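Asks: Generate coordinates for the sequence data below:
(one chain, ligands or ions: 1)
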Amino acid sequence: MQFFLDTAEIQEIQTGLDWGMVDGVTTNPSLIAKSGRPYLPTVQAIAKLVPGPVSGEVLATEYNEILTQGRRLSGLAENVVVKVPLTPAGLRAVATFKKEGIRTNVTLCFSAAQALLAAKAGAAYISPFIGRLDDVGEEGMELVDQVVTIYHNYGFDTKVLVASVRSPIHIIQAASLGADVATLPFKVLEQLYKHPLTDVGLDRFLADWKKTGKNFEES
Ligand code: G3P
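Replies: Numbers count the residues shown, from 1 in each chain. The predicted model follows:
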């Protein structure tokens, strides 16, 4: 399973890369707005830093404008994936981008029917938003289950990129279902490392050795 970071914060991305756990990055307009940085230069800076795919989202909703903005984003760096909303105009643009060799990540997916349309349009990635479905009382992970099954049934190349992740449980469930990628807020990546018994065990190991009064090299 690949891990992407869902952030526009350079420091978080650098830390995730140093840990060796970041295969790519996803951004969205909200995340870049929160960073306080300019739009295109931020996507470009992230794409330069990260060896893997970096999703940059169009701000347009009309077909021709989506094409213009998507081509601009794609031209920033070879590893930029154009993030497109799941609308008729968006999926029409996805099909055009596919013919041009531009990879897309279809965002704001909340149903299996929408995911099927995105695959038919030729999306490289589909982003089901799990946490936001949970927030409205639905079972977000059921959507991942359905999409993985449907894509498998028909041999679609579109990768399932689990988004709107809120906790380590989401990652474990998505991995159990065979999702290709999860995009994580940095906080969730940190949480994946944590277990209280690891901390307790490490403290005990170190304390026990300290009691001997010897150092690392001493026999
Ligand atoms: O990047 C898209 C998605 O991951 C957003 O997540 O937490 O705003 O629902 P969230």
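Asks: In terms of helices and strands, where is the most centrally placed residue in the chain?
Replies: Central residue of the chain (CA atoms, centre = their mean): Thr183, 2.5 Å from the mean position. Element membership for Thr183, per DSSP states H and E: strand 181-184.
Asks: and that strand, how far from the chain's centre?
Replies: Strand 181-184 sits 4 Å away from the centroid of its parent chain (CA atoms, centre = their mean, to the nearest Å).
Asks: Which neighbouring elements make contact with it?
Replies: strand 2-6, strand 24-26, strand 159-162, helix 168-177 (3 or more CB pairs under 8 Å, 6 or more residues apart in numbering; DSSP states H and E). Backbone N, C-alpha and C define where each C-beta goes, glycine included.
Asks: Identify whichever of these lies nearest to Ser74.
Replies: Of all the helices and strands packed on strand 181-184, strand 24-26 sits nearest to Ser74, with 15.2 Å by CB to CB.
Asks: Quick check: next helix or strand after the closest one?
Replies: helix 29-35.
Asks: and that following helix, average pLDDT?
Replies: Mean pLDDT, taken over the full extent of helix 29-35, equals 98.
Asks: hmm, back to that, could you check whether the strand holding Thr183 is close to the ligand?
Replies: Yes: using CB under 6 Å from any ligand atom, strand 181-184 reaches the ligand at Thr183.
Asks: Can you tell me the strand partners of that strand and which way each runs?
Replies: According to DSSP bridges, strand 181-184 forms sheet pairs with strand 2-6 (parallel), strand 159-162 (parallel).
Asks: Ok, which of those strands comes nearest Ile102?
Replies: strand 159-162 (15.6 Å).
Asks: for the helices and strands packed on strand 181-184, which one sits closest to Arg72?
Replies: Per CB to CB, nearest to Arg72 of the helices and strands packed on strand 181-184: strand 24-26, 18.1 Å.
Asks: do the closest one and the ligand meet?
Replies: Yes: applying CB under 6 Å from any ligand atom, one finds strand 24-26 touching the ligand at Thr26.
Asks: the helices in the chain, which residues?
Replies: With helices called from DSSP state H, the chain shows them at 10-18, 29-35, 39-49, 63-74, 88-100, 112-121, 130-135, 140-154, 168-177, 186-193, 196-211.
Asks: Centre of the chain to the shortest one, how far?
Replies: Relative to its parent chain, helix 130-135 has a centroid offset of 15 Å by CA atoms, centre = their mean.
Asks: Am I right that Trp6 is in contact with Gly24?
Replies: Let me fix one detail, which is that residue 6 is Asp and not Trp. No: the criterion here is CB atoms under 8 Å, and Asp6 misses it with Gly24 at 10.2 Å.
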